[in-house]
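# I'll drop the sequence and a predicted model, then ask my questions.
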Amino acid sequence: MDHFALKDGVLHAENVALPRIAQEVGTPVYVYSRGALVAQARAFRDALSELDDPLIAFAVKANPNLAVLNVLQREGYGADVVSGGEMRRALTAGIAPDKIVFSGVGKTRAELELGLDERIGQFNIESREEGHELAALAAARGIRVDACLRVNPDVDAKTHEKISTGKAENKFGVPLLRAREVFAELAALDGMNLRGVAIHIGSQLSDLEPLETAFAKIDTLVADLRASGFAITHVDLGGGLGVSYRKDEVVPTPAEYGRMVARMTKGWDVRLTFEPGRLIAGNAGVLLTRVVRVKRGGNGPPFVIVDAAMNDLARPALYGAWHDFDAVEPSGERMTANIVGPICETGDTFATDRDCDALESGDLAVFRTAGAYGASMASSYNSRGFVAEVLVDGDRYAVVADRIDAAAIMDAERVPEWLA
Ligand code: LLP
């Protein structure tokens with residue numbers, strides 16, 4: 001079911017007409033569908049039904065909104081967090097500490113301590129150095145910390161270079177060739193219960209083959225570690241499954257992924273963890289925006305200037321990413337346009353030479369597939385504030401994040417007396 005579909009010529013989120021949200025909450029605004037989140041969460045869980053009690057930890061970075069986390073918590077999801085802030089969000093949303101996995105290459109001492117004090121379920125250790133620090137902190141508390149060692153399998157995930165994480169030159173994890181030695185060293189520490197390994201090779205993967213290659217390397221590593229006498233009870237396979245950003249973009253289905261995982265992990269006899277982010281939230285959200293004006297008369301196609309900008313949705317500017325762009329009340333006419341935001345740099349361009357619905361000043365439109373890495377990557381560049389977020393459920397909706405305007409941000413600033 002498409003949770004963002006036309007009804008009587010007007011784009012709805014479930015049963016709520018988007019013009020109503022624009023009118024009542026203003027634009028730009030992120031609109032999420034609870035039904036879409038739940039459907040994806042269940043599709044992924046069902047795809048893993050052959051496995052024995054996997055932990056599915058939603059990658060909070062994709063969409064950290066408390067209401068979104070709450071929806072997923074109710075679906076039995078845990079959380080993959082990469083900062084103290086994300087950990088606090090997951091806990092606040094009601095996710096049980098033992099379902100929280102803490103990843104990240106630069107966890108500070110304070111963040112390690114927070115995780116220990118909150119008794120989170122697992123730390124994914126990214127380096128020898130981090131392992132030593134974590135073990136010492138745990139030992140000082142008289143506990144043994146449950147952890148996995150993140151391994152860098154040196155696999156090309158064949159995705160955008162900025163979101164590829166499993167190549168040898170990337171900063172993440174311990175090189176596969178050194179994994180056994182580092183594992184042995186860390187496993188011997190007081191305070192450490194090193195119980196397995198973790199990988200995450202990249203995001204927006206459109207092909208299962210790199211994942212399969214990485215899992216095969218983990219298969220060998222687990223066998224080696226066991227042969228050396230280590231008890232391996234947990235393996236974290238990370239996230240990374242892509243979603244389709246264009247109507248014709250083909251990506252692996254959760255079911256195809258699930259079958260591949262079941263085949264590759266057969267006989268591992270471990271508890272598997274998964275960290276999907278984009279797959280769960282990406283197509284559960286749109287960024288609703290209003291056309292400020294259409295500027296004609298240049299050399300190329302007209303500029304459709306919308307009130308959303310690269311600070312609200314950074315992906316096109318950062319990665320050259322494509323987001324489908326559709327009118328909320330399409331007339332049936334088409335145009336070719338450059339879709340741009342108001343920010344003062346050329347990078348604030350959502351699409352160039354795009355065939356899209358014909359739009360005029362005042363019309364509403366959406367950027368689709370904005371439920372993951374949309375609001376979570378917003379900034380206040382050009383003093384534009386932070387966009388509001390709305391969650392729709394059937395024919396009701398709620399504002400789940402207030403708009404934070406430039407004045408509120410300015411309130412946190414001051415001019416020192418010695419400048420006055
Ligand atoms: N686990 C770890 C350790 C990660 O670093 C990530 C994403 C995930 C899980 C979730 O990956 P997913 O299932 O969402 O692909 N801002 C970029 C994406 C960055 C992903 C970073 N790590 C974008 O907008 O495309």
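Thanks, I have it.
# Angles on the backbone of Val306, please.
Per-residue torsions, Val306: phi -100, psi 170 (degrees, to the nearest 10).
# Just want to check the distance between Ile404 and Val366.
22 Å (CB to CB, to the nearest Å). For every residue, glycine as well, the C-beta is placed using N, CA and C.
# higher neighbour count, those two?
Remark: of Ile404 and Val366, Val366 carries more neighbours, 24 against 14, as counted by other CB atoms under 10 Å.
# Can you classify that one as helix, strand or coil?
Put simply, Val366 is strand when judged by DSSP: H, G, I helix; E, B strand; the rest coil.
# how many other residues sit next to Ala216?
13.
# what do you get for Thr92?
Neighbours of Thr92 under the rule other CB under 10 Å: 11.
# thinking it is in contact with Ala67, fair?
No - Thr92 is beyond contact range of Ala67, at 11.2 Å (criterion: CB atoms under 8 Å).
# what sits in contact with each of those two?
Counting by CB atoms under 8 Å, 6 or more residues apart in numbering, Thr92 and Ala67 have no common neighbour.
# Is stretch 182-197 positioned near the ligand?
No - counting by CB under 6 Å from any ligand atom, the ligand is not contacted by stretch 182-197; separation bottoms out at 13.1 Å.
# measure the nearest residue to Ala231 once chain neighbours are set aside to Leu186 for me?
Of all residues not flanking Ala231 in the chain, Arg195 sits nearest, at 7.0 Å (CB to CB, 6 or more residues apart in numbering). When distance is defined by CB to CB, Arg195 is 11 Å away from Leu186.
# shared neighbours of these two, anything?
In contact with both Arg195 and Leu186: Ala147, using CB under 8 Å, 6+ apart.
# tell me the average confidence for the helix or strand harbouring the residue nearest to Ala231?
Under the criterion of DSSP states H and E, Arg195 resides in strand 192-198. Strand 192-198 carries an average pLDDT of 98.
# List, one by one, the residues from the stretch 201-350 of the chain near the ligand.
For the stretch 201-350 of the chain, the contact set with the ligand under CB under 6 Å from any ligand atom comprises 203-204, 238-241, 275-279, 315, 319.
# contacting residues around the longest helix anywhere in the chain?
Secondary structure of the chain per DSSP state H: the longest helix is helix 209-227. Contacts to helix 209-227, defined as CB under 8 Å, 6+ apart, come from residues 151, 153, 155-158, 166, 176, 179-180, 183, 196-197, 199, 201-202, 205, 232, 235, 237, 240, 257, 260-261, 264-265, 268, 270.
# now with 6 Å?
By CB atoms under 6 Å, 6 or more residues apart in numbering, the residues outside helix 209-227 that reach it are Pro153, Val155, Ala157, Lys158, Ala179, Arg180, Ile199, Ile201, Ile232, Met260, Met264.
# Where does the fifth one sit: helix, strand or coil?
Meaning Ala179. On the three-state scheme (three-state DSSP), Ala179 is labelled helix.
# ok, it - how many residues close by?
If we define neighbours as other CB under 10 Å, then Ala179 has 22 of them.
# ok, the nearest residue to it once chain neighbours are set aside - how many residues close by?
Leaving aside its chain neighbours, Ala179 sits nearest to Val151 (4.8 Å; criterion: CB to CB, 6+ apart). Val151 has 28 neighbours, counted by other CB under 10 Å.
# about what we covered before: confirm for me that the residue nearest to Ala231 is in contact with Thr233.
Yes - if you go by CB atoms under 6 Å, Arg195 and Thr233 touch, sitting 4.9 Å apart.
# just the strands in the stretch 251-400 of the chain please.
With DSSP state E, counting those that start in this stretch as the criterion, the stretch 251-400 of the chain has strands at 271-274, 285-295, 303-306, 325-327, 334-340, 349-357, 364-367, 388-393, 396-401.
# Dump those strands to a markdown table, plus mean pLDDT.
Output for the strands of the stretch 251-400 of the chain, formatted as a markdown table (pLDDT from 0 to 100):
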| stretch | mean pLDDT |
| --- | --- |
| strand 271-274 | 98 |
| strand 285-295 | 98 |
| strand 303-306 | 98 |
| strand 325-327 | 98 |
| strand 334-340 | 98 |
| strand 349-357 | 98 |
| strand 364-367 | 98 |
| strand 388-393 | 98 |
| strand 396-401 | 98 |
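# and of these, who's closest to Gln40?
With respect to Gln40, and counting by CB to CB, the nearest of those is strand 285-295 at 11.1 Å.
# In CSV, list the C-alpha atoms belonging to stretch 178-189.
What follows is stretch 178-189 as a C-alpha-only set of coordinates in CSV (Å, rounded to 0.1, in the frame of the first residue of the first chain):
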residue,chain,number,x,y,z
ARG,A,178,44.3,-7.8,12.5
ALA,A,179,40.9,-8.9,13.9
ARG,A,180,42.1,-12.1,15.5
GLU,A,181,45.0,-10.5,17.3
VAL,A,182,42.9,-7.5,18.5
PHE,A,183,40.1,-9.8,19.6
ALA,A,184,42.4,-12.0,21.6
GLU,A,185,44.0,-8.9,23.3
LEU,A,186,40.6,-7.3,24.2
ALA,A,187,38.9,-10.6,25.2
ALA,A,188,41.6,-11.1,27.9
LEU,A,189,40.9,-7.8,29.6
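# Show me what residue of the stretch 1-150 of the chain gets nearest to the ligand.
Ala59 (3.4 Å; CB to the nearest ligand atom).
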